[in-house]
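Colleague: sequence and computational prediction follow.
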Amino acid sequence: MQANEDSMTLASIRALTERGHHHEALAAIAALESRMAQDREALYLTAVNQRRLDQPTAALTTLELLERLHPHFSRLFEERGHCLAALDEVARAIEAFERSVNLNAALPGSWCMLARLYRLAGDARQAALACEHIAMLERLPQPIVHAGSLFCDGELARAETVLRSYLSHSGKHVEALRLLGRIAHQCDALADAEELLQDAVRMAPGYRAARADHARVLLDRQKYRQALEELALLLQHEPDSNDYQALAATASAGLGEYERAIDAYRQLLATSPGWSHLHLLLGNALRAIGRQEEAIESYRAAGTSRPGCGDAYWSLANLKTYRFADEEIDCMRREEAAPGTHAARYHLCFALGKALEDRHEYAESWTYYARGNALRSAQSRYRPELTESNTRAQIAVCTAGFFAARAGVGVPDPAPIFIVGLPRTGSTLLEQILSAHSRVEGTRELHDIEHMVHELKGRESDPDNPRYPAVLSELTSGDFRRLGERYLSNAGAYRTGAAFFIDKMPNNFQHVGLIHLLLPEAKIIDVRREPMACGFSNFKQLFARGQEFTYSIESIGRYYRSYLELMRHWDAVLPGRVLRVLYEDLVLDPEKSVRRVLEFCGLQFEPGCLAFYASARSVSTASSEQVRQPILRTSLTQWRHYEPWLGPLQDALGDALVRYRE
């Protein structure tokens, strides 16, 4: 409610500004609540109205504060350019307008001012280039230009509203579809993004920017083969494109071809050593195949090439075995305290939490973990009630009778071994143990089941009333078989010939019923960890993607309880279908647990499974370095160092503290 009121207030101030009522607009801004004093739009409108009242110096002061808080906001630089032009500071005005269009190429006002100022400065070539951009923008419908500008400044909801309104009246337009696809991508609605960008590419096969956006979405959807096909087409036209080469290297890494990816990253860095993101990608590839010292060198290079690179520090911390020097911790503290981007701050907070935990400075460590989670949670759209309603729907739809009526559907292939549960429960450890068996290979956390669920929900699914799982009752035996075959075909991209393979996507615990229908002979193993240890381990972990429930103590407790409730249901309606493995048992008596797991999978015991840490296989999850060491019992009680602050977690978990051993 408060956010809606704030939005309405700012909309009225924008209207006053557009009508030329600048004194009234400034008075309305001054009357805003103090919590709005540093709001991006409020500060921007303050500067606009100050300039239009012939107060450019005051406006520039306002813009300095705006830049400290929002350094990548294109319109602040556009407004600065107008202020400097009013003061006849042509060179500085040009610099400001150039920064604005570098951040946001869809600013006609900035391009027009640049064309004019370049002429004043005697630079005819740059003036002509600016006029070309103006002409290009004029060829596009004005709503699409406006939406593009909003998109570049992060105003995704407003941009989407403009685009959908335009499309509803004007029919399909390739640039509108591309922008909608990019918005969906940024909102992590990957299935929608893929479909929209596919439409754009079909409409304009030669539009390389749309094809490149499509390739990026395919990468995020783990459709690496398809992404490589798109990138091959792009590289035919632009073989020297560093961007396309980097994307192709990332697709190779996704397919487990790490050596090829590493070679490509190194070649690109030889000509672009300041490309910080590439240093991070190289570090991740090196880490996945156990070349830790080289990974550390790459992460440090990322921090050197871009000071304040929070994800470089977090990448080092996420190795779990790296220990920060005093000067590194001091540097992180300074950078975290300085005004900066939201993402840099929460990366630094999680890194500082881990660095101080390793030094047994638990009180300060907790402060940073809590701050990092608060920052990350503020940008999350996770709603725990949706997880809970999904659990109730699964229980209502997927009954014993429902499965009995569909006996024999799907593909009777015993090759897949699903490891499910919550994150940070030891699933990577169990995967490493099983992958050490001669007849089993690890793949990765495959998203195929998740993608199928999104498709079953439908593109316009209402999150409060989704089609899935009720839609399962509408599927035929042929549908289940086709989906099962598709899963096996997609998984083949990661297989090298072993009889069995592992899919360790933890979130698949929500879809055990669907897995059973698609692959009735697949093995399903639920790895479960003591709730307090599991909850805290998730709270201190910054995930690269997904697992949004982990950034709130209350959400962690509710998610864990929903997980227990749903797993109890699967046990009741599919008895014996899921093997439960307690992480504590695996740590305290590895051989007994390993023999039990192998027997469930129909495999003979092999001593190599107990020497899993000697395996040379690649591991890309957060536990990559931990599973290259023998099992340590210290992980069972690490959370107790934070017990003084974990009362709310204990309350949120409730009877799960006892029920988890059922």
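Modeller: Now that the structure is in, tell me what you want to look at.

Colleague: point out where the chain drops to low pLDDT.
Modeller: Segments of the chain classed as low confidence (criterion: pLDDT under 70) are 1-8, 33-37, 340-343, 459-461, 614-632.

Colleague: okay, which residue is most central for it?
Modeller: For the chain, the residue lying nearest the average C-alpha position, counting by C-alpha atoms, centre = their mean, turns out to be R545 (3.2 Å).

Colleague: residue contacts, that residue?
Modeller: Contacts of R545 were listed using C-beta atoms under 8 Å, 6 or more residues apart in numbering, and they are 188, 220. For glycine as for every other residue, the C-beta is placed from the backbone atoms N, C-alpha and C.

Colleague: give me the three-state assignment for it.
Modeller: Each residue gets one of three states, and R545 gets coil by DSSP: H, G, I helix; E, B strand; the rest coil.

Colleague: and the gap between it and S537?
Modeller: 18 Å (C-beta to C-beta, to the nearest Å).

Colleague: quick one, domains of the protein?
Modeller: 2-218, 222-306, 385-659 (automatic domain parsing).

Colleague: okay if I get those as JSON lines plus distance to A337?
Modeller: Conversion of the domains of the chain to JSON lines gives the following (distance: least, C-beta to C-beta, whole Å):
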{"stretch": "domain 2-218", "distance to A337": "13"}
{"stretch": "domain 222-306", "distance to A337": "17"}
{"stretch": "domain 385-659", "distance to A337": "19"}
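
Colleague: give the contact list for G353.
Modeller: Shown in contact with G353 (C-beta under 8 Å, 6+ apart): 365-366, 368-369, 372, 540.

Colleague: so it, which of the three states?
Modeller: Here G353 is helix, with the state taken from three-state DSSP.

Colleague: that one and A58, how far apart?
Modeller: Relative to A58, G353 is positioned 41 Å away (C-beta to C-beta).

Colleague: mind listing the strands for the stretch 51-200 of the chain?
Modeller: Secondary structure of the stretch 51-200 of the chain, counting by DSSP state E, counting those that start in this stretch: no strands present.

Colleague: still on that earlier bit, please produce TSV containing the contacts of G353, extended by secondary structure.
Modeller: As requested, the contacts of G353 are exported to TSV (three-state DSSP):
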residue	secondary structure
S365	helix
W366	helix
Y368	helix
Y369	helix
G372	helix
K540	coil
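
Colleague: closest one of those to R182?
Modeller: Of all the contacts of G353, the one with the least separation from R182 (C-beta to C-beta) is G372, at 27.5 Å.

Colleague: that closest one contacts L542, correct?
Modeller: Yes: between G372 and L542 there is a contact under C-beta atoms under 8 Å: 6.8 Å.

Colleague: need the overlap of contacts for these two.
Modeller: Contact criterion C-beta under 8 Å, 6+ apart; residues bridging G372 and L542 by contacting each: 346-347, 350.

Colleague: just the buried ones out of the residues you listed, please.
Modeller: Neighbour-count burial (16 or more other C-beta atoms under 10 Å) is assigned, among those, to 346-347, 350.

Colleague: can you add secondary structure and distance to L278 and give the residues you listed back as a markdown table?
Modeller: Formatted as a markdown table, the entries for the buried ones among the shared contacts of G372 and L542 read as follows, by DSSP: H, G, I helix; E, B strand; the rest coil; distance: C-beta to C-beta, whole Å:
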| residue | secondary structure | distance to L278 |
| --- | --- | --- |
| Y346 | helix | 22 |
| H347 | helix | 17 |
| F350 | helix | 22 |
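
Colleague: format those residues as a markdown table; extra columns: distance to T250.
Modeller: Listed next are the buried ones among the shared contacts of G372 and L542 as a markdown table, based on distance: C-beta to C-beta, whole Å:
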| residue | distance to T250 |
| --- | --- |
| Y346 | 23 |
| H347 | 20 |
| F350 | 23 |
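
Colleague: closest to A232 among those?
Modeller: For these, with A232 as the reference and C-beta to C-beta as the criterion, the closest is H347, at 33.4 Å.

Colleague: from L488, how far off is that closest one?
Modeller: The spacing between H347 and L488, counted by C-beta to C-beta, is 38 Å.

Colleague: again with A498
Modeller: Distance of A498 to L488, given as C-beta to C-beta: 14 Å.

Colleague: these two - which one has more neighbours?
Modeller: Neighbours per residue (other C-beta atoms under 10 Å) separate A498 from L488, with L488 holding more: 19 against 15.

Colleague: and the more buried one, its phi and psi?
Modeller: The phi and psi values for L488, taken as degrees, to the nearest 10, are phi -70, psi -40.

Colleague: repeat for L579
Modeller: The phi and psi torsions at L579 (degrees, to the nearest 10) take the values phi -90, psi 130.

Colleague: isn't it right up against K523?
Modeller: Yes: assessed by C-beta under 8 Å, L579 is found in contact with K523 at 7.4 Å.

Colleague: identify the contacts common to these two.
Modeller: The contact lists of L579 and K523 share F600, where a contact means C-beta under 8 Å, 6+ apart.

Colleague: circling back to that earlier point, compare the domains of the chain and give me the one nearest E361.
Modeller: Each of the domains of the chain was checked against E361 via C-beta to C-beta, and the shortest separation belongs to domain 385-659, namely 10.1 Å.

Colleague: so how far is the closest one from its chain's centroid?
Modeller: For domain 385-659, the separation from the chain centroid amounts to 20 Å (computed by C-alpha atoms, centre = their mean, to the nearest Å).

Colleague: could you do stretch 297-317 as well?
Modeller: Put simply, stretch 297-317 sits 19 Å off its chain's centre (C-alpha atoms, centre = their mean).

Colleague: and that stretch, end to end?
Modeller: Across stretch 297-317, the straight-line distance between its terminal residues is 13 Å, by C-alpha to C-alpha, to the nearest Å.
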